[in-house]
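Q: what shape does this take:
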Amino acid sequence: MDFKPIDISMKQMVEHYTAKWKLECSEYTFSNLLMWGCGGNIMLAEDEQALYILLHWGNERFMFAPLTVEPESEYYQTALDKAAEYMRTHGIDPVFKGISGPIKAAFERCTGYELIDDRNNSDYVYAMESLRDLAGKKLHAKRNHIHQFMAQYGERYEYVKITGDMMGECVDVYNEWLSEKSPDETDNMELCAENKRPLVPSDGVILPATTVTFSPGESVYDVLQQVCRDYGIHMESEFTPMYNSAYIEGINNLYEFDVGNESGWMYKVNGWFPNYGCSRYQVEDGDVICWVYTCDLGADVGDNSMNG
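A: Purely as a prediction, here's the structure:
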């Protein structure tokens, strides 16, 4: 198989295969694949009858289920076998993800494969009332974000549909925002609430480098919970369905938005900031995990993925 990084020129090819599957999950939409794969994390290949999707997330490599042009195609067994053999010969455990709906039905027609429930990657349904009212403690951070926006802009905003002829203007606004940012803005202590400033250590370190023992299969989130429990450090989180992962709201009583509208907690492993939730990153022996508090959507701590 000749895998190549996904790019915009592959849109027609992908939609040629997805058209008849009537998939209700977002993983296989071209826009989703392109958005998450623009850094080379997602690669595509095709043979005469199937599309293959190879993913590389941090220390994980796996494939989405292959797609044949016709969902009922007898070639599906062959496509699965070819994909599994490719993974084995390239040192990858033959694991397929994103199995649901009609793809699950196709798998069940094949032999040699076992379907395993993966709760952390299940699809989800939003409660309309929760999104409408943002009630309760778990959604307080989102309410705070809205309140800060309203306090800053009041009635000086409007909802408009972004169209193609507005893209140049959008880019201009973004570039203007970048040019006006002060080099010292990332310190942002003047934005920190008075009652939160004593929580920020003078050297910026809540806990020095610490060796942790963990069990196979545990995640970055599991390790964080263990460390905070062992050292008596406050930590608050909530499960976020959008990312199928725990979201860290606060550590040491320092919460997102406590030091500006672009502040909050991020994690990195071996110097890399994963683009998925901490519950989904499985720890390996020797990994160096660091939780950092950003005041600038990551740009001030070495992650520029949110800033162009």
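Q: what mean pLDDT does the helix or strand hosting Lys104 get?
A: Using DSSP states H and E, Lys104 sits within helix 101-108. Per-residue pLDDT over helix 101-108 has a mean of 91.
Q: output the contacting helices and strands for it.
A: Counting by 3 or more CB pairs under 8 Å, 6 or more residues apart in numbering; DSSP states H and E, the packing neighbours recorded for helix 101-108 are strand 60-68. (C-beta placed from N, C-alpha, C; glycine too.)
Q: what about the strand it packs on, distance to the chain center?
A: How far strand 60-68 lies from its chain's middle: 18 Å, per CA atoms, centre = their mean, to the nearest Å.
Q: next one: stretch 12-31
A: For stretch 12-31, the distance to the chain centre is 20 Å (CA atoms, centre = their mean).
Q: in it, what counts as buried?
A: Across stretch 12-31, burial judged by 16 or more other CB atoms under 10 Å covers 14, 17-18, 21, 23, 27-28, 30.
Q: reformat those as a markdown table; add pLDDT.
A: A markdown table is the format used below for the buried residues of stretch 12-31 (pLDDT from 0 to 100):
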| residue | pLDDT |
| --- | --- |
| Val14 | 93 |
| Tyr17 | 92 |
| Thr18 | 90 |
| Trp21 | 90 |
| Leu23 | 85 |
| Glu27 | 85 |
| Tyr28 | 90 |
| Phe30 | 92 |
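Q: how does this structure divide into domains?
A: Domain ranges of the chain: 4-119, 183-301, per automatic domain parsing.
Q: determine which of the ones you listed approaches Gln148 most closely.
A: Of all those, domain 183-301 sits nearest to Gln148, with 5.8 Å by CB to CB.
Q: follow-up on the earlier one: got CSV for the domains of the chain, with distance to Gln148 too?
A: Shown next, in CSV, are the domains of the chain (distance: least, CB to CB, whole Å):
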stretch, distance to Gln148
domain 4-119, 27
domain 183-301, 6
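Q: contact partners of the one helix or strand Val227 maps to?
A: Assigned by DSSP H and E, Val227 falls within helix 220-231. Under the contact criterion CB atoms under 8 Å, 6 or more residues apart in numbering, helix 220-231 has outside partners 207, 210, 212, 214, 233-235, 237, 245-246, 248, 251, 267, 269, 277-279, 281, 283, 289, 291.
Q: follow-up on the earlier one: which among the buried residues of stretch 12-31 gets closest to Tyr86?
A: Nearest to Tyr86 among these is Tyr17, at 17.2 Å by CB to CB.
Q: that closest one is in contact with Ala65, isn't it?
A: No. Contact criterion CB atoms under 8 Å: Tyr17 and Ala65 do not qualify, at 11.2 Å.
Q: joint contacts of these two?
A: Residues touching both Tyr17 and Ala65 (CB under 8 Å, 6+ apart): none.
Q: so is Gln152 in a helix, a strand, or just coil?
A: Under DSSP: H, G, I helix; E, B strand; the rest coil, the three-state class of Gln152 is helix.
Q: let's have the buried residues of stretch 12-31 in CSV, adding secondary structure and distance to Gln225.
A: Converted to CSV, the buried residues of stretch 12-31 look like this (DSSP: H, G, I helix; E, B strand; the rest coil; distance: CB to CB, whole Å):
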residue, secondary structure, distance to Gln225
Val14, helix, 38
Tyr17, helix, 41
Thr18, helix, 38
Trp21, coil, 38
Leu23, coil, 35
Glu27, helix, 28
Tyr28, helix, 33
Phe30, helix, 37
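Q: hmm, back to that, could you point out which element follows the helix holding Val227?
A: strand 235-240.
Q: now that next one: buried residues?
A: Buried residues in strand 235-240 (16+ other CB under 10 Å): 235, 237, 240.
Q: between it and helix 220-231, how big is the angle?
A: Angle between the axes of strand 235-240 and helix 220-231 is 160 degrees (criterion: axes from the mean of the first three to the mean of the last three CA atoms, to 10 degrees).
Q: and strand 235-240, how far out from the chain's middle?
A: Relative to its parent chain, strand 235-240 has a centroid offset of 15 Å by CA atoms, centre = their mean.
Q: of all the domains of the chain, which one is nearest Met128?
A: Across these, Met128 has its closest neighbour in domain 183-301 (13.4 Å, CB to CB).
Q: and the closest one, average pLDDT?
A: The model assigns domain 183-301 a mean pLDDT of 86.
Q: and stretch 139-152, by the same measure?
A: 82.
Q: what's that stretch in contact with?
A: Contacts of stretch 139-152 (CB under 8 Å, 6+ apart): 130, 134, 249, 255-257, 261.
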